[in-house]
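# when you get a sec, could you give me coordinates for this:
(one chain, ligands or ions: 1)
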Amino acid sequence: MLRVAVVGSGPSGVYTAQALLQQSRVPDVRVHVLDRLPTPYGLVRYGVAPDHEKIKSLQNSLRAVLEDDRITFVGHVEVGGEGGLSPARLKELYHAVVYCVGAAADRPLAVPGEDLPGSFSATEFVSWYSAHPDTAADGFTLGARSAVVIGVGNVAVDVARILARGAAELRSTDVPPAALDALAASRVRDVHIAGRRGPSQARFTTKELRELGALPRARMVVNGAELALDPAYAAPAGAPGTPPLPAVVRRNLEVLRGWSADPPPQEDDLERHIRLRFFLRPVELLERGGRVAGVRFARTAPDGAGGVRDTGGHEDIEAQLVLRAVGYRGTPLPGLPFDPARSTVPHLAGRVLRDGVASPGEYVAGWIKRGPTGVIGSNRSCAKETVASLIDDAPLLAERAVAADPLGALRNWGLRPVEWNGWLSIERAEAALGRSLGRGQVKIPDWPGLLDAARGDGIG
Ligand code: NAP
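All right, here's what the predicted structure looks like:
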């Protein structure tokens, strides 16, 4: 029997567990899926926006995998971190360990004023409305009339959409009561989304972009003059040396040009406005009264090679709330190698490389392997590649003696894992919380609440 630990129960972790069960070369594989949280599903639970019900429903297929008899969910067990299990200890328990720990940190903007009150990473905002139990920040929309979201990826679109929706449209989702109350009291009227490059380089996908234009109480404002294409794409189609315009850029441009043709909004218009801007590079967050008051941008223009150059012009946009949606970043896990330039674990086809040499029994999959890119489904092929490497190594791995009862060993080390029954108790408690509020399932937003609910049934 091959005993494998998968660290992380987000999509990459669950797809790794699934690939381990689906392969046929090693018939008897048992998988423990460990998570720091007492809840499974990673970013599907704590990152996918609450109003994206269809993507959220992926939890059902992840659940079906985790309910397989050969898989054990082991929540509330930290690997790495202060007081967490070390990779060396995990190797004593399992023949192989696959790290699927994602890219949990946010990238800094590295401009003056970034730490002013009122300036947050999009990750903090997403964690707050997703009820992540580590959320410390609060009061995002308090007193704000104008918000600036920096970055033009799908996370920027998510947070802008949640700001523009308001509470009434989110009541049917699992947003926790405190966030719902704050969004109900929000006076944010203008949400600016600012990209440092142009629409040819925007990272959002067309479906997500279109959704912004379909919000019932918000309208899009786009300035046609800012839709300039990089000259590399602007040459006539088929001109020698001209790269074809990627399909996603073509589709995005159609949507953006449609919005730019709309009449300009009226000042007395009661709707919220989402102002999608391009060619604005943030250089400083402005301060008034000890809080953020706006963002100063350098105006940029296409440089003909996919990048931008500064034009020498500047623009200040007023904002009492600034959200930096400039991408995620992997963080080092003590005891595992780390490539600081790429913020990933060095690997060869998923095998962890220590000093450039594959380390038998240690693997990576997901964002910590390839960086924070792609859609949820991208993790399937990524996991399959890693599992193929692991299974190739299996004859060697299975020779090593490991603990007969890893869960018992974890308990002996003072850990109190939350197993699947504990998670089911949390789910029941969240359903009961929702019923008491006249809503559907509502997430429990704090550690004591989650652990109390788990303890009802199943905590070790
Ligand atoms: P992203 O797609 O990498 O976008 C990051 C954005 O930040 C880019 O526009 C980037 O501009 C900008 N940026 C980076 N550094 C900057 C700086 N110093 N100053 C100004 N702008 C800066 O990252 P993301 O939005 O966090 O998304 C991460 C992944 O999750 C993506 O694969 C995304 O598709 C996925 N996701 C998907 C969904 C969905 O499918 N609904 C929802 C959320 C997230 P440059 O291009 O100029 O660097």
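# what does the stretch 301-450 of the chain put close to the ligand?
Contact residues, the stretch 301-450 of the chain versus the ligand (CB under 6 Å from any ligand atom): 325-328, 372-375. From N, CA and C alone the C-beta is placed, and that goes for glycine too.
# quick one: which of the residues you listed has the most company?
residue 325 (27 neighbours; other CB atoms under 10 Å).
# list the contacts of it.
Residues near residue 325 by CB atoms under 8 Å, 6 or more residues apart in numbering: 121-122, 149-151, 153, 155-156, 159.
# in helices, which of the residues of the stretch 301-450 of the chain next to the ligand appear?
The helices in this structure, assigned by DSSP state H, contain none of those.
# widest-spaced pair of these?
326 and 375 (18.9 Å; CB to CB).
# TSV for the residues of the stretch 301-450 of the chain next to the ligand, including pLDDT and distance to residue 129?
As requested, these are exported to TSV (pLDDT from 0 to 100; distance: CB to CB, whole Å):
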residue	pLDDT	distance to residue 129
325	98	14
326	97	19
327	95	19
328	94	17
372	94	20
373	90	23
374	88	23
375	89	21
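# which of these fall in strands?
residue 328 (DSSP state E).
# distance check, residue 448 against residue 177.
Relative to residue 177, residue 448 is positioned 16 Å away (criterion: CB to CB, to the nearest Å).
# take the residues of the stretch 301-450 of the chain next to the ligand and write them to JSON lines, including distance to residue 433.
JSON lines is the format used below for those (distance: CB to CB, whole Å):
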{"residue": "325", "distance to residue 433": "29"}
{"residue": "326", "distance to residue 433": "34"}
{"residue": "327", "distance to residue 433": "33"}
{"residue": "328", "distance to residue 433": "29"}
{"residue": "372", "distance to residue 433": "31"}
{"residue": "373", "distance to residue 433": "35"}
{"residue": "374", "distance to residue 433": "34"}
{"residue": "375", "distance to residue 433": "31"}
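# nearest residue to the residue of the stretch 51-200 of the chain found nearest the ligand in space, please, no chain neighbours.
Using CB to the nearest ligand atom, the closest approach of the stretch 51-200 of the chain to the ligand is made by residue 153 at 2.3 Å. In this structure, residue 153 finds its nearest non-sequential neighbour in residue 203, 3.9 Å apart by CB to CB, 6 or more residues apart in numbering.
# next, count neighbours for the one you found.
If you count neighbours by other CB under 10 Å, residue 203 ends up with 17.
# just say helix, strand or coil for it.
Classification of residue 203 using DSSP: H, G, I helix; E, B strand; the rest coil returns coil.
# list the residues that contact it.
By CB under 8 Å, 6+ apart, the neighbours of residue 203 are 151-154.
# domain-wise, how is this protein divided?
Per automatic domain parsing, the structural domains of the chain span 2-104+330-417, 106-327.
# using JSON lines, lay out these together with distance to residue 435.
Output for the domains of the chain, formatted as JSON lines (distance: least, CB to CB, whole Å):
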{"stretch": "domain 2-104+330-417", "distance to residue 435": "18"}
{"stretch": "domain 106-327", "distance to residue 435": "13"}
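# pick out the shakiest of those, pLDDT-wise.
Mean pLDDT is lowest for domain 106-327 among the domains of the chain, at a mean of 91.
# now a PyMOL select for only the buried ones of the contacts of residue 203.
Those of these that count as buried under 16 or more other CB atoms under 10 Å are selected in PyMOL with:
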select buried, resi 151+152+153+154
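# of the contacts of residue 203, closest to residue 245?
residue 152 (17.2 Å).
# give the contact list for that closest one.
Neighbours of residue 152 in contact, by CB under 8 Å, 6+ apart: 193-195, 202-204, 276, 278.
# before we move on, the earlier item: from the contacts of residue 325, which land in strands?
121, 149-150.
# and those residues as a markdown table, adding distance to the ligand and neighbour count?
Converted to a markdown table, the ones in strands among the contacts of residue 325 look like this (distance: CB to the nearest ligand atom, whole Å; neighbours: other CB atoms under 10 Å):
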| residue | distance to the ligand | neighbour count |
| --- | --- | --- |
| 121 | 10 | 24 |
| 149 | 10 | 28 |
| 150 | 5 | 27 |
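# for the stretch 201-350 of the chain, which segments count as helices?
Per DSSP state H, counting those that start in this stretch, the stretch 201-350 of the chain carries helices over the ranges 206-213, 231-234, 247-260.
# can you tell which of those is closest to the ligand?
Using CB to the nearest ligand atom, the nearest of these to the ligand is helix 206-213, at 5.0 Å.
# okay, which residue is most central for the chain?
residue 47 (4.7 Å; CA atoms, centre = their mean).
# how about the contacts made by it?
126, 130.
# give me the contacts around stretch 125-133.
By CB under 8 Å, 6+ apart, stretch 125-133 touches 37, 45-47, 49-50, 134-135, 137-138, 140, 155, 158-159, 162, 170, 174-176, 179, 183, 323, 443-447, 449-450.
# what about it, how long is it end to end?
One end of stretch 125-133 sits 13 Å from the other (CA to CA, to the nearest Å).
# got the buried residues for that stretch?
125-133.
# same thing with stretch 65-73?
65-66, 71-73.
# mind checking which of the residues you listed land in helices?
65-66.
# turn the buried residues of stretch 65-73 into a markdown table, including distance to the ligand.
Listed next are the buried residues of stretch 65-73 as a markdown table, based on distance: CB to the nearest ligand atom, whole Å:
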| residue | distance to the ligand |
| --- | --- |
| 65 | 21 |
| 66 | 22 |
| 71 | 26 |
| 72 | 29 |
| 73 | 24 |
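# farthest pair within the buried residues of stretch 65-73?
Largest separation among those by CB to CB: 65 and 72, giving 12.1 Å.
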